[in-house]
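S.K.: pasting a predicted model and its sequence here:
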Amino acid sequence: MTSAPSTFAEPPALLPTRQKVYALAFTLVIFLAIPLLGSPVLVLRATEIFVFMVAFAGLHVLSGRLGLISIGHGAFVGIGALGAAHGISDIGLPYLLAPLAGAVVAALAGGVIAFPSLRLPGAYLALLTVAVAMALPIAMRRIDGPLGVRIQADLRPPAWTGLSPDQDDLWQYLLVAIIGTAAVLLLHRTLEGPLGRALLAVKDEPIAAAAFGINVPRTHLLGVALSSAFAGFAGGLLVYATPFVSGNEYPFSLSLSMFALMVAIGSAYLWTSVPASILLVMLPVFLVNRGWASYEPIIYGLALLVMTRVSRGRGLVSFLDKSRRSDGFRKMSQTLARPAKIEPELGAGPTLLEDN
């Protein structure tokens with residue numbers, strides 16, 4: 001049995017096992033403290049953080065695993081929300097199946113959009129996603145009007161939860177947090193298997209991957225569809241917290257913000273979806289509270305510019321990768337310790353650095 005090249009391996013974990021346990025315990029404490037101590041506004045923001053954590057997980061599949069760029073990922077969140085809302089209102093789909101409906105609709109849209117660019121450079125997919133992100137708000141207003149579509153259903157907490165009917169925000173938070181976390185963990189297990197290795201193989205060495213029997217165009221299509229499905233799944237989860245969907249909620253700026261955070265933080269690891277979603281939700285709140293809302297595009301632009309220049313596109317997470325950091329220091333020290341040999345130009349006389 002032939003083994004795959006080492007470039008097909010998954011990226012190493014940055015955190016030791018003990019630190020992972022501490023991080024999980026801290027996350028669990030925060031998860032339980034928010035509904036007990038937080039205000040309704042904080043509960044809503046925490047719900048949105050879990051929603052966009054799922055969306056950024058889909059962006060990790062596309063950029064971190066497949067090496068492609070999507071500047072319109074927020075549009076697929078809107079497509080999923082639109083599909084879930086119409087599935088509930090028009091077809092009578094159960095409210096709890098809204099995320100699955102959004103995932104299916106967004107996956108189909110992602111496959112249709114990605115199919116023309118399968119055999120073209122990755123920049124064409126980025127351009128297509130830009131076009132979708134710019135056209136989606138207009139299309140949504142054409143379909144449902146400026147006010148959008150409102151779901152004629154209530155997501156009330158069941159009696160066995162011990163929550164009163166007016167505590168529906170807590171019930172929605174718990175649903176989104178549990179379902180969203182389970183979806184991300186399922187994605188993590190999936191990417192550890194053959195699909196994850198195939199995506200990395202297509203990203204790193206497409207010619208070698210084809211030689212090992214991997215269908216490169218089909219893997220590209222599957223990766224884009226999976227990434228879009230998780231964005232649509234996030235849109236379906238967002239319907240739990242906001243039972244109305246309009247084009248004003250999914251502007252092109254949302255996709256640009258997600259792209260800037262993905263590049264600034266880095267997409268090589270799945271766990272980076274957590275800080276990315278926290279910044280996406282809480283940074284506008286922080287700026288609005290201080291009257292600095294107009295500076296938000298400038299902050300994203302500076303973060304994108306600085307981190308692209310400093311980390312060479314790998315993001316802030318690259319500075320936590322000890323293996324890459326040590327390799328960089330080793331190469332730099334070897335370069336400084338070994339003086340470069342300067343070759344004399346043709347016709348020039350001997351120099352002091354010429355070998356005896």
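M.R.: Okay, I see it. Every value quoted in this text rests on a predicted model; they were computed, and no experiment measured them. Residues are numbered from 1 along each chain as shown.
S.K.: my guess is Phe76 meets Gly235, correct?
M.R.: Yes. Phe76 lies in contact with Gly235 (Cβ atoms under 8 Å); the separation is 7.4 Å. C-beta: built from backbone N, CA, C; applies to glycine.
S.K.: and those two? Which one has more around it.
M.R.: Ranked by neighbour count (other Cβ atoms under 10 Å), Phe76 and Gly235 place Phe76 first, with 37 against 34.
S.K.: quick check: mean pLDDT across the helix or strand hosting the more buried one?
M.R.: If you go by DSSP states H and E, Phe76 is part of helix 73-86. In this model, helix 73-86 has a mean pLDDT of 94.
S.K.: select the longest helix from the chain.
M.R.: helix 216-241 (DSSP state H).
S.K.: next, the angle from it to helix 73-86.
M.R.: Angle of helix 216-241 versus helix 73-86, following axes from the mean of the first three to the mean of the last three Cα atoms, to 10 degrees, is 60 degrees.
S.K.: helices and strands around the helix or strand following helix 216-241, which ones?
M.R.: Next helix or strand after helix 216-241 toward the C-terminus (DSSP H and E): strand 244-245. Using 3 or more Cβ pairs under 8 Å, 6 or more residues apart in numbering; DSSP states H and E, the elements in contact with strand 244-245 are helix 73-86, strand 149-150.
S.K.: please identify the most buried of those.
M.R.: helix 73-86 (a mean of 30; mean count of other Cβ atoms under 10 Å).
S.K.: I'd like the next helix or strand past it.
M.R.: Per DSSP H and E, helix 73-86 leads on to helix 98-114 as the next helix or strand towards the C-terminus.
S.K.: so what does that following helix touch, helix or strand wise?
M.R.: In terms of contact count using 3+ Cβ pairs under 8 Å, 6+ apart, helix 98-114 is assigned the packing partners helix 73-86, helix 122-144, helix 216-241.
S.K.: nearest to Tyr250, out of the ones you listed?
M.R.: Shortest distance between Tyr250 and those, using Cβ to Cβ, is found for helix 73-86: 3.2 Å.
S.K.: give me the common contacts of Phe76 and Gly235.
M.R.: Common neighbours of Phe76 and Gly235, counting by Cβ atoms under 8 Å, 6 or more residues apart in numbering, are Ala106.
S.K.: residues near Val112, how many?
M.R.: When neighbours are counted by other Cβ under 10 Å, Val112 registers 11.
S.K.: ignore the last one, Leu97
M.R.: 13.
S.K.: returning to what we had before: between the helix holding Phe76 and helix 122-144, how big is the angle?
M.R.: Using the same axes, to 10 degrees: helix 73-86 against helix 122-144 is 30 degrees.
S.K.: export helix 73-86 as CSV, just CAs?
M.R.: Provided in CSV are the C-alpha atoms of helix 73-86 (Å, rounded to 0.1, in the frame of the first residue of the first chain):
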residue,chain,number,x,y,z
HIS,A,73,-19.2,34.0,2.3
GLY,A,74,-21.7,36.1,4.2
ALA,A,75,-24.0,35.8,1.1
PHE,A,76,-24.3,32.1,1.7
VAL,A,77,-25.4,32.8,5.3
GLY,A,78,-28.1,35.0,3.8
ILE,A,79,-29.1,32.3,1.2
GLY,A,80,-29.4,29.7,4.0
ALA,A,81,-31.5,32.1,6.1
LEU,A,82,-33.7,32.8,3.2
GLY,A,83,-34.2,29.2,2.3
ALA,A,84,-34.9,28.3,5.9
ALA,A,85,-37.5,31.1,6.3
HIS,A,86,-39.4,30.2,3.1
